[in-house]
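# Provided below for reference: sequence and predicted model.
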Amino acid sequence: MWEQSLLVCLLLEAFMLPYLLAFQPEVVGGVSIFFVLIFACEFVFTLDLYVQAHMGYYSDGNLIRDKKRTIRRYIRSWHFALDVIAIIPVQILVISFPRVVTKLLFVKLLRWSRLPHLVSSLDEFYAKQFVVLKLLKVLASTLYLAHVLACIRFSFGENTSQNNPWLPATSLHDLPLHRHYLASLFWSVGIMTGLFEGELPRHNTEFLFTILVALCGFSMFTTLCATIFVISKCESGNTEAVGARINQLVHVLSFHHVPENQQAQAIEYLKRYYTDAKSTDRETAKILCPSIANDIQVELLKATIAEVSIFGGCSDQFIVAMTSLLEMIAVPAQTTLFSVGDHGNAMYVVHSGVLAIIVKSVTVREIRKGSCLGELYVFSLLPCMATVTTTTYAILYKLSRFHCERVLEGYPDCASAIAVHVRAMFKLLNISDDKLGTNVSTSISTPITPRKLTSRRTSVTAGKSAVVAGPTLVKIPSRRDNKVMPSRRESITQKISRATRAIGPLRRDISQWSKRSMRSERIRDTNPDTMLSADTFLSPPLTDPGLRPKVPAGNESQQGPNMGLIFEHHVLWRLILLRRCIDHQSAVRMWWLLLLLSNLCYCWLLIPVQVVFPLWQRPTWIFQTTDTIANVVLVFDIALSLNLSFMVDSDKVMDPKQSMTHYLKGDFVFDLLCALPYEYLNMHNYGLMRLPRLLRVFNLKKQLKEIKHFIQLNSRRQLLLFILLLIMMFHVVACIYFGISYAEGFDSNEDEAWVCPTSLCLRRLNATHLENCNGTIFTEAPNRDELEGITALEYFRSLYYAVGVLASPGKTVEPTSDRQLVAALVLMLGGFLISAIVVDNVQKRFTASAFEQKQFFETSTRIQLFLRRQKAPLAIHHRVKSFLDYWWSTHRGAVIRELLADLPRSMRLELLRNISATTWRPFSARPTRGDSG
């Protein structure tokens, strides 16, 4: 924070000193607000001398904090000399040399040598706000440059000779200083942005200075475009490459006539694999060195592994070792992890997605984030008794049997504890101990006292173990007294549970399951099929109350203590909530989103007009009806959002109660405040009361993200959306400009006025009458055509200025008041920024639309250069050219092996089989010689 304070003081002095020298050199001699600010900044820099002398530094990688060495190092540096010169109090010379003091104050700008260090420290401190900081630095640099140029412009003086219109007129001498400053700043910003031409200079110095200002504006515009381009590249990452890769895959699969269902599955998988949030984490982890990536994985997942019931009684070191060996994998939907009769070779931890445990073609359990499955098969020879498949795209952490065996060799005590758990599970399942794994069975060859079992999160295993392998409190009989005993080890589980409050379900769920399990033990049948079908053995699903909803929709104990009561007894909720949620991926949702976008465009088109244009401040019955319909749409949107499904960790939640809770905790309050019909409370300010509708623009990004699921927003469509956004921006700026004219007052000068002329003046008197600046009163009904003509001229003149200031097709005139100057400055700087954004977006969209073509041209050029350097014959050139043309027409320059590299092995082999089949089909269709003979 100290370095940021220094940066603020440095910038404050840098802004004040040019202003004092150009506009108010006499204020240095007295006590004023500028004098107090400079004195405060100097006091901060004086303290900084002490701070710099005692600040530690690094020498050969070692931190030096010895006071004598730090003081000696600072005094011997050239920074100390500059700081001492800059801290000299030149203000004491103000009595004898008042004019010289202002110029001597520029010595303090020697501190600018520290600006790069201060800015770099600011970048490090606000690294998360990279985008805002980048834009802020460029805009601040532009403003400071315009400020300095405005001060230099004012220092040229006034037009005392009456023959140099480039200089300000002497008649403006009596205006306040801030008016002179705003006028000079308007001139410098106008020349830099190209939105103001001004008068033609008369002298060489004036020509050179004007050229310098124009070049400064060009350089700052180039810098701004480059900055926005860098930001867009950083934000998009490899989006363009991913889009090109998917387009190539679509073309290749279509060319080889791969079945549509396999195409859709492969493309959907790659889209999720490349664009899912977890894919960013995966690619980021690859950038880090292995030790750091491993430490991050251990910190994030050791709590989950520690909560697996089979690891009860294991040491913290064992948990860390197992966690460090986890491997993140992505699995498409409808992929089988275990089949009945298979010997599991790995255990999995679900990071996202939904998996189903299927017994005899019946789904007996769904498992979600945080669950563990397959651990019983890894530590035993028991074959799988159920099938486990993915119902959605899932990201899993995999721990192979090989790694488990290697870890158990180093932790024999933990192997013994795991063997106790496995034997207890076998006892529950009525399975003999000869199914124990090799490492596990040898670890308990000698009698041991069973370790006490801990309260764990649900550990889900495939098959029977998935149904009976204990939830948070596994009931395993002890060898001594058949009592459930908690574990002594709590260093990982309890510490993390206290910190996160998200490990394990509620105590009520634990007690309920314990009671169910005790009852089930008394009535348990020895028939395995009966056990598998018994609902009493189904443990509650793993869930994090703060992160995702509970799975069983009907279990009110997992909806909170009062949610079931609210849903059952309040008639309002029973009327609003449906029996089943509306699928947010259905076609109905797509058309509703398009209706909401149309409603948003309607509001942004009409409400600004109703606020500023007098004729539209009282709507006709037609527009009042359409406004009411728009309001009803927003109210219906709230009701539908209460019943809208949503995704959590690749799991689609369709329970209305969960949807209601999710929406009430999210955007409900915001949407309700935007949808309330405030305009009926005050019809005199109809447009102003409808302004909250415009705030729904903050939902635009989320709605466009939903629309991407239905409509592919390619580069052409994104350009169309961007053009629509620009048109809406022109419209809003036009309304703002006319609003300034309406508040500032109309000008009688038709050609040289910044605001609208008096010929376009209209003011509303009441609900039925309007008046112009000449005092003529119009009755709205009989004079409607004339009033609409005046309003149309008002709008199109305002729109002309808006297009001119944002798109720079013409030159504006100089404003004549403070508010006009400030508004013109803000609009010109906004147009300066928007022009750079337009350049970046157009360039980015065209680049993205031809990304694979650009890559192919690069490859083709490299091949052609290689052939030229090798002086290959012309026939080889023609042959290579034919190959390249065929390669582009068939595969869009892609290599199939590389395109399919990230797909799962089973999916990749199936696609290659279909591609090969289509390739060999023409040969197999040819008749043999025997057939032809």
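Looks like it came in fine.
# Ser659: what's its closest spatial neighbour, skipping adjacent residues?
What sits nearest to Ser659 in space, not counting adjacent residues and going by Cβ to Cβ, 6 or more residues apart in numbering, is Cys581, at 5.0 Å. The way it works is simple: take the backbone N, C-alpha and C, and place the C-beta from them, glycine included.
# please report phi then psi for that neighbour.
The phi/psi pair for Cys581 (degrees, to the nearest 10) reads phi -70, psi 160.
# need the contact list for it.
Applying Cβ atoms under 8 Å, 6 or more residues apart in numbering, we find Cys581 in contact with Asn643, Leu644, Ser645, Val653, Met654, Asp655, Pro656, Ser659.
# quick check: the fifth one vs Tyr663, distance?
According to Cβ to Cβ, to the nearest Å, Met654 and Tyr663 sit 14 Å apart.
# with the second one instead?
The span separating Leu644 from Tyr663 equals 7 Å under the rule Cβ to Cβ.
# more crowded one of the two?
Legend: neighbour count by other Cβ atoms under 10 Å for Leu644 and Tyr663, higher for Leu644 (21 against 18).
# does that one touch Ser586 like I think?
No - with contact defined as Cβ atoms under 8 Å, Leu644 does not count as touching Ser586 (10.2 Å).
# what's the following helix or strand after the helix or strand containing Leu104?
Element membership for Leu104 (DSSP states H and E) is helix 98-104. Next along the chain after helix 98-104, taking DSSP H and E as the criterion, comes helix 115-125.
# packing partners for that next one?
Here helix 115-125 touches helix 2-22, helix 130-155, going by 3 or more Cβ pairs under 8 Å, 6 or more residues apart in numbering; DSSP states H and E.
# restrict it to CA atoms and write it as PDB.
Extracted C-alpha coordinates of helix 115-125, given in PDB (Å, rounded to 0.1, in the frame of the first residue of the first chain):
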ATOM      1  CA  LEU A 115       7.500   5.300 -12.100                       C
ATOM      2  CA  PRO A 116       8.300   2.000 -13.800                       C
ATOM      3  CA  HIS A 117       9.000   0.300 -10.400                       C
ATOM      4  CA  LEU A 118       5.800   1.700  -8.900                       C
ATOM      5  CA  VAL A 119       3.700   0.700 -11.900                       C
ATOM      6  CA  SER A 120       5.200  -2.900 -11.800                       C
ATOM      7  CA  SER A 121       4.300  -3.200  -8.100                       C
ATOM      8  CA  LEU A 122       0.800  -2.100  -8.900                       C
ATOM      9  CA  ASP A 123       0.600  -4.800 -11.600                       C
ATOM     10  CA  GLU A 124       1.700  -7.400  -9.100                       C
ATOM     11  CA  PHE A 125      -0.700  -6.200  -6.400                       C
END
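# specify the angle between it and helix 2-22 in degrees.
For helix 115-125 against helix 2-22, the angle by axes from the mean of the first three to the mean of the last three Cα atoms, to 10 degrees is 140 degrees.
# and the contacts of helix 115-125?
With Cβ under 8 Å, 6+ apart, helix 115-125 has contacts from Glu3, Gln4, Leu6, Leu7, Leu10, Leu133, Lys137.
# buried set for it?
For helix 115-125, a neighbour-count test (16 or more other Cβ atoms under 10 Å) marks Leu118, Leu122 as buried.
# contacting residues for the nearest residue to Leu578 once chain neighbours are set aside?
Closest residue in space to Leu578, ignoring its immediate chain neighbours: Asn643 at 4.7 Å, by Cβ to Cβ, 6+ apart. By Cβ under 8 Å, 6+ apart, the contact set of Asn643 is Ile576, Leu577, Leu578, Cys581, Ile582, Pro656, Ser659, Met660.
# ditto for Ile863
Val880, Leu884 are the contacts of Ile863 under Cβ under 8 Å, 6+ apart.
# element containing it, please.
Following DSSP H and E, the helix or strand that holds Ile863 is helix 851-869.
# could you dump that helix to CSV, C-alpha only?
The C-alpha trace of helix 851-869 is given here as CSV (Å, rounded to 0.1, in the frame of the first residue of the first chain):
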residue,chain,number,x,y,z
PHE,A,851,-8.1,-19.6,-38.5
GLU,A,852,-7.7,-23.1,-40.0
GLN,A,853,-7.2,-21.6,-43.5
LYS,A,854,-4.5,-19.4,-42.1
GLN,A,855,-2.8,-22.4,-40.5
PHE,A,856,-3.0,-24.4,-43.7
PHE,A,857,-1.5,-21.6,-45.7
GLU,A,858,1.4,-21.4,-43.3
THR,A,859,2.0,-25.1,-43.6
SER,A,860,1.7,-24.9,-47.4
THR,A,861,4.2,-22.0,-47.5
ARG,A,862,6.7,-23.9,-45.4
ILE,A,863,6.5,-26.9,-47.7
GLN,A,864,6.9,-24.8,-50.8
LEU,A,865,9.9,-23.0,-49.3
PHE,A,866,11.4,-26.4,-48.4
LEU,A,867,11.0,-27.6,-52.0
ARG,A,868,12.6,-24.4,-53.4
ARG,A,869,15.6,-24.7,-51.1
